[in-house]
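Asker: Fold the following, please.
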Amino acid sequence: MKVAYFDCFSGLSGDMVLGALLDVGVDFDRLQADLRQLPLTEYAMAAKPASRGGIGATKLSVKAVEKGIVRTFSNIRQIIQESALDAKVKERSLAVFQTLAEAQAKITKKNVETIHFHEVGAIDSIVDIVGSAIGFNLLRVDKIYCSPLPMGLGMARTDHGMMPIPSPVTLEILAGVPLYSTGISTELVTPTGAAIIRTYVDEFTNMPPMTVERTGYGAGREELEIPNILRLITGELAERTPAELMAQISAITEKVEGTARDDLIDKLINLGARDVWLVPVAKARKQEAVEVNVVAPVDKEEDLIDAILTATSADQVRVNRQLGRRRR
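Answerer: Numbering: from 1, shown residues only. Below you'll find the model as predicted:
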């Protein structure tokens, strides 16, 4: 299974997500071509190499000509729906804006349809959100994981005035997501970044067991006391995590216990086995099995093999003959 893992040790924003997608291999020309399906023309987008804390990354920037335009959720939905974008890209882009609109409506106690997007309604944010949907579509992974998210502190100036960090909208979007404070006095997770990651991520957890194929870095705008980058890792997920493996073994153990187990052991002992033990086995591809081990004299071999083949689903038995003598 191909998976992606977002390592958000320095937070995330819309442009950092898109920068990381490009850095991990999403084609910039294809991204630009797909974005031209939107009826937005007066902007310029660039993806340039950047360095944060000595680590190379991709910095995505969008410069727009328009000034002072405030869009509602209905305006943005119309822009996306009437575009020639791929249906899946439309659906995912609208899901991100829906998440933002619902969170803002709850905080401001206003109607979702009439919510005014200020920073989020600007062209650069629209490009970040729709561009990320295109990027995820091109990345083609089966599952997306994300680390717990770091929160900054202090106050930030917005179009609505001074707001606490993290912003009320960001916290509303991230309800139920594992968060922690860094003590850094700046906004580390933006509402746009929060909405994107909440929409696409299947599970917030530590990095799962995986074989790493590629690593990409999206650069943030500011220089911080830590590298201001978002790390994106892609690769193949291991067959089972340690927790899944232990759960599987426990489940098999429960199946081994009980009447069937005792009946089989009793039968083998009565046929001449000196010792019998059963071991739960977790095989490849999450298959379950039980290993039957028997110690017995050679002259009891055939009867015991017949009993095992009759009482279980096994179609073969491995025999290991050893010579020895009893201690006096």
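Asker: Can you tell me the closest non-neighbouring residue to residue 12?
Answerer: residue 193 (4.0 Å; Cβ to Cβ, 6 or more residues apart in numbering). Glycine gets a C-beta too; all of them are placed from N, C-alpha and C.
Asker: my guess is the one you found meets residue 18, correct?
Answerer: No - Residue 193 lies out of contact with residue 18 (Cβ atoms under 8 Å); the separation is 10.2 Å.
Asker: Neighbour count: these two, which is higher?
Answerer: Higher neighbour count among residue 193 and residue 18: residue 18, with 29 against 26, using other Cβ atoms under 10 Å.
Asker: wait, doesn't that one sit right on residue 131?
Answerer: Yes - if you go by Cβ under 8 Å, residue 18 and residue 131 touch, sitting 4.9 Å apart.
Asker: Next, count neighbours for the closest residue to residue 89 other than its chain neighbours.
Answerer: Nearest residue to residue 89, sequence neighbours excluded (Cβ to Cβ, 6+ apart): residue 133, at 4.5 Å. Number of residues near residue 133 (other Cβ under 10 Å) recorded here: 27.
Asker: So residue 133 sits against residue 92, correct?
Answerer: Yes - look at residue 133 against residue 92 with Cβ under 8 Å: they come within range, at 4.2 Å.
Asker: And the nearest residue to residue 298 once chain neighbours are set aside, how far from residue 51?
Answerer: In space, not counting the residues next to it along the chain, residue 298 is nearest to residue 321; the distance is 6.6 Å by Cβ to Cβ, 6+ apart. Computed with Cβ to Cβ, to the nearest Å, the distance linking residue 321 and residue 51 is 67 Å.
Asker: which one of these two has more residues nearby?
Answerer: residue 51 (14 against 6).
Asker: is it true that the more buried one touches residue 217?
Answerer: No - between residue 51 and residue 217 there is no contact under Cβ under 8 Å: 9.7 Å.
Asker: Overlap in contacts, those two.
Answerer: Residues touching both residue 51 and residue 217 by Cβ atoms under 8 Å, 6 or more residues apart in numbering: residue 57.
Asker: Mutual contacts of residue 18 and residue 131, please.
Answerer: The contact sets of residue 18 and residue 131 overlap at residue 60 (Cβ under 8 Å, 6+ apart).
Asker: quick one: secondary structure of residue 322?
Answerer: Of the three states, residue 322 takes coil according to DSSP: H, G, I helix; E, B strand; the rest coil.
Asker: neighbours around it, how many?
Answerer: For residue 322, using other Cβ under 10 Å, the count is 6.
Asker: now do residue 116
Answerer: Other residues close to residue 116 by other Cβ under 10 Å number 16.
Asker: And residue 145, by the same measure?
Answerer: Neighbours of residue 145 (other Cβ under 10 Å): 21.
Asker: Name the SS class of it, please.
Answerer: Strictly by three-state DSSP, residue 145 counts as strand.
Asker: so where's the protein uncertain?
Answerer: Residue ranges of the chain with pLDDT under 70: 68, 118-121, 239-261, 281-288, 323-328.
Asker: all strands for the stretch 51-200 of the chain, in order.
Answerer: Secondary structure of the stretch 51-200 of the chain by DSSP state E, counting those that start in this stretch: the strands cover 55-64, 71-72, 116-117, 143-146, 149-151, 154-158, 161-165, 179-181.
Asker: any idea which of those strands is most buried?
Answerer: Ranked by mean neighbour count, the strands of the stretch 51-200 of the chain are led by strand 149-151 with a mean of 21 (mean count of other Cβ atoms under 10 Å).
Asker: and that strand, what other elements does it pack with?
Answerer: strand 179-181 (3 or more Cβ pairs under 8 Å, 6 or more residues apart in numbering; DSSP states H and E).
Asker: Paired strands for the strand it packs on, with orientation please.
Answerer: Take DSSP bridges as the rule and strand 179-181 pairs in its sheet with strand 149-151 (parallel).
Asker: what does the strand it pairs with rub up against?
Answerer: Counting by Cβ under 8 Å, 6+ apart, 8-12, 165-166, 174, 177-182, 184, 188-189, 194, 197, 204 sit against strand 149-151.
Asker: how about a cut-off of 7 Å?
Answerer: 8-11, 166, 174, 177, 179-182, 188-189 (Cβ atoms under 7 Å, 6 or more residues apart in numbering).
Asker: for that strand, the distance to its chain's centre please.
Answerer: Strand 149-151 has its C-alpha centroid displaced from the chain centroid by 16 Å (Cα atoms, centre = their mean, to the nearest Å).
Asker: May I have the top helix by length along the chain as PDB, with CA atoms only?
Answerer: In the chain, with assignment by DSSP state H, the single longest helix is helix 87-108. Listed next in PDB are the C-alpha coordinates belonging to helix 87-108 (Å, rounded to 0.1, in the frame of the first residue of the first chain):
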ATOM      1  CA  ALA A  87     -14.400  16.000 -10.700                       C
ATOM      2  CA  LYS A  88     -12.300  14.600  -7.800                       C
ATOM      3  CA  VAL A  89     -10.300  17.800  -7.600                       C
ATOM      4  CA  LYS A  90     -13.500  19.800  -7.400                       C
ATOM      5  CA  GLU A  91     -15.000  17.600  -4.700                       C
ATOM      6  CA  ARG A  92     -11.900  17.700  -2.500                       C
ATOM      7  CA  SER A  93     -11.400  21.500  -3.000                       C
ATOM      8  CA  LEU A  94     -15.000  22.200  -2.000                       C
ATOM      9  CA  ALA A  95     -14.600  19.900   1.000                       C
ATOM     10  CA  VAL A  96     -11.700  22.000   2.300                       C
ATOM     11  CA  PHE A  97     -13.700  25.300   1.800                       C
ATOM     12  CA  GLN A  98     -16.700  23.600   3.400                       C
ATOM     13  CA  THR A  99     -14.600  22.800   6.500                       C
ATOM     14  CA  LEU A 100     -13.400  26.400   6.600                       C
ATOM     15  CA  ALA A 101     -16.800  27.900   6.200                       C
ATOM     16  CA  GLU A 102     -18.400  25.600   8.800                       C
ATOM     17  CA  ALA A 103     -15.700  26.400  11.400                       C
ATOM     18  CA  GLN A 104     -15.900  30.200  10.700                       C
ATOM     19  CA  ALA A 105     -19.700  30.100  10.800                       C
ATOM     20  CA  LYS A 106     -19.600  28.400  14.200                       C
ATOM     21  CA  ILE A 107     -17.100  30.900  15.600                       C
ATOM     22  CA  THR A 108     -18.900  34.000  14.300                       C
END
